[in-house]
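K.L.:
pasted the sequence and its predicted model underneath.
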Amino acid sequence: MKKQTMMLVLIGVILFIAGSAIAYASVQGAKKNTGSSATQAPVTVSAVVAKSNIPAGTTGQSMESQGLVALELIPSKSYSPNDLTSLQGLTDEVTNAPVQKGQAITNTELTISTQAISIPQGLDAMAVGISGAQNLAGYLQPGSHVDIYANITKLSVGGTPGVSASVAIPCTELAMTNIEVLDVSSTSPSLAGTKGATPGAPSTGRNVPGSETLLLALTPAQTRSIQFLSQNESISVVQPDQEVNPPAAGQCIGTDQEMTHP
């Protein structure tokens with residue numbers, strides 16, 4: 001009797017160990033399968049993808065109305081930070097380069113459409129070129145207001161408009177103030193956008209363009225003056241604060257001259 005009891009106890013222990021081993025193996029297998037599935041499952045993100053070849057010069061409105069683009073899921077490994085993630089990113093934009101079918105559209109392939117630029121009534125839109133950071137290249141935004149300075153180096157026959165023959169040459173004058181910038185060809189990224197993702201990480205730096213084109217809103221008389229100064233002299237722009245005592249417009253200040261602040 002005692003021997004039979006021992007046999008039953010031994011069988012029970014064996015079955016318990018076997019059951020535990022089977023349960024452990026099942027759990028580990030499930031974990032392994034789950035981990036494998038998670039690793040193999042593609043992680044996707046939404047992006048605006050070209051459904052057909054899109055030529056340069058196509059507006060965002062045309063792309064949408066003609067069904068040339070769609071919001072699709074793409075593998076995260078193919079995603080670029082410049083890829084558009086919403087069709088709203090096409091609003092008032094136009095392609096500046098051809099886009100191939102199946103390609104995700106990036107913001108570097110788009111520029112603002114001239115159809116979106118509204119010229120104030122009674123004013124002209126004139127494009128002028130500026131060079132270097134000393135002219136705020138890359139720092140101006142559409143909607144900015146600037147003062148325009150003319151750097152006079154020579155006198156034209158009959159005299160340069162607004163410059164007395166007795167004024168020393170070269171000289172610089174404030175040609176016009178509070179001029180609205182309708183559009184800019186490029187802007188520098190914000191400092192916050194170039195800082196490292198990790199707190200305390202160094203900034204990656206910003207690229208400031210060596211030159212830039214500004215589209216300015218000018219009166220017809222201002223347009224004529226800027227046209228003359230751009231062709232015969234040189235101009236520079238500044239973005240002023242709300243000055244209480246701004247310098248006098250049209251007063252050319254040169255070497256050995258002094259101007260007393262009002």
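P.N.:
Yep, that arrived.
K.L.:
alpha carbons only for contacts and neighbour counts from here, please
P.N.:
Will do.
K.L.:
any low-confidence regions in the stretch 151-262 of the chain?
P.N.:
155-168, 187-208, 242-244, 256-262 (pLDDT under 70).
K.L.:
could you pull out the helices for it?
P.N.:
191-194, 220-232 (DSSP state H, counting those that start in this stretch).
K.L.:
buried residues of the longest one, list them for me.
P.N.:
Along helix 220-232, these residues count as buried under the neighbour rule (16 or more other C-alpha atoms under 10 Å): 222-223, 225-226, 229-230.
K.L.:
distance to S62 added to the residues you listed, as a markdown table?
P.N.:
Putting these into a markdown table (distance: C-alpha to C-alpha, whole Å) gives the following:
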| residue | distance to S62 |
| --- | --- |
| Q222 | 36 |
| T223 | 33 |
| S225 | 38 |
| I226 | 36 |
| L229 | 39 |
| S230 | 37 |
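K.L.:
got the helices of the stretch 151-262 of the chain as JSON lines, with distance to L123 columns?
P.N.:
Formatted as JSON lines, the helices of the stretch 151-262 of the chain follow (distance: least, C-alpha to C-alpha, whole Å):
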{"stretch": "helix 191-194", "distance to L123": "34"}
{"stretch": "helix 220-232", "distance to L123": "7"}
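K.L.:
could you check the pLDDT of I74?
P.N.:
For I74, the model assigns a pLDDT of 88.
K.L.:
would you confirm that it contacts A47?
P.N.:
Yes. Using C-alpha atoms under 8 Å, I74 is in contact with A47, at 6.8 Å.
K.L.:
let me know the secondary structure of Y149.
P.N.:
strand (DSSP: H, G, I helix; E, B strand; the rest coil).
K.L.:
how near is it to Y139?
P.N.:
17 Å (C-alpha to C-alpha, to the nearest Å).
K.L.:
looking at those two, which one has more neighbours?
P.N.:
More neighbours surround Y149 than the other of Y149 and Y139, with 21 against 17 (other C-alpha atoms under 10 Å).
K.L.:
ok, the nearest residue to the more buried one once chain neighbours are set aside - contacts?
P.N.:
Leaving aside its chain neighbours, Y149 sits nearest to L174 (4.5 Å; criterion: C-alpha to C-alpha, 6 or more residues apart in numbering). Residues near L174 by C-alpha atoms under 8 Å, 6 or more residues apart in numbering: 147-150, 247-252.
K.L.:
quick one: buried ones out of those?
P.N.:
By 16+ other C-alpha under 10 Å, the contacts of L174 give 147-150, 250-252 as buried.
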